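Colleague: sequence unknown, structure follows:
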């Protein structure tokens, strides 16, 4: 039996003020071919998964807190217990708009790395409104390092 324990998975901290722990895939002891799952902590007041897209389809499930979800041309607040479907190729961003950390699970498939992790660490994410579509009106700005 293979068990992944969040207490033992160090995870990675990203410039946009979040920590991502791979539960299935990546550095996790659990590997799957068809999907990946992760647990993400967004820092208060602006911790973010910046504006990006990817080939995989994905779902975010907000576990606690309040976060602004931008998906294509849409923008909406998510509350704890809500999930959002992200189609393949559509730009999206999730930002913690609360005063406490927010936590969510992601699940995408097929499994494998997604380019935006490396792009964020390298400072090469496509910039909203320049080399990527603009964020929806009124959205929190994209983290740019």
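Modeller: All right, it came through fine. Quantities reported herein were computed from a predicted structural model and do not represent experimental measurements. Residues are numbered from 1 along each chain as shown.

Colleague: Show me where the chain has its helices.
Modeller: 115-122 (DSSP state H).

Colleague: Show me the residue at the heart of it, geometrically.
Modeller: residue 49 (4.3 Å; CA atoms, centre = their mean).

Colleague: List the contacts of the spatially closest residue to it that is not a sequence neighbour.
Modeller: Among residues not flanking residue 49 along the chain, residue 94 sits closest, at 4.6 Å (CB to CB, 6 or more residues apart in numbering). The way it works is simple: take the backbone N, C-alpha and C, and place the C-beta from them, glycine included. Taking CB atoms under 8 Å, 6 or more residues apart in numbering as the criterion, residue 94 is in contact with 42, 48-49, 60, 67-70, 78, 104.

Colleague: can you do 10 Å?
Modeller: 16, 18, 40, 42, 47-51, 60, 62, 67-71, 78, 84, 86, 102, 104, 106, 140 (CB atoms under 10 Å, 6 or more residues apart in numbering).

Colleague: Go through those and flag which are in strands.
Modeller: In this view, the contacts of residue 94 that belong to strands under DSSP state E are 18, 40, 42, 48-51, 60, 62, 67-71, 78, 84, 86, 102, 104, 106.

Colleague: Give me the nearest residue to residue 81, chain neighbours excluded.
Modeller: residue 62 (7.0 Å).

Colleague: From residue 76, how far out is the one you found?
Modeller: 11 Å (CB to CB, to the nearest Å).

Colleague: Look at the two and report which has more neighbours.
Modeller: residue 62 (24 against 12; other CB atoms under 10 Å).

Colleague: ok, that one touching residue 84?
Modeller: Yes - shown here, residue 62 and residue 84 form a contact pair, counting by CB atoms under 10 Å, at 8.2 Å.
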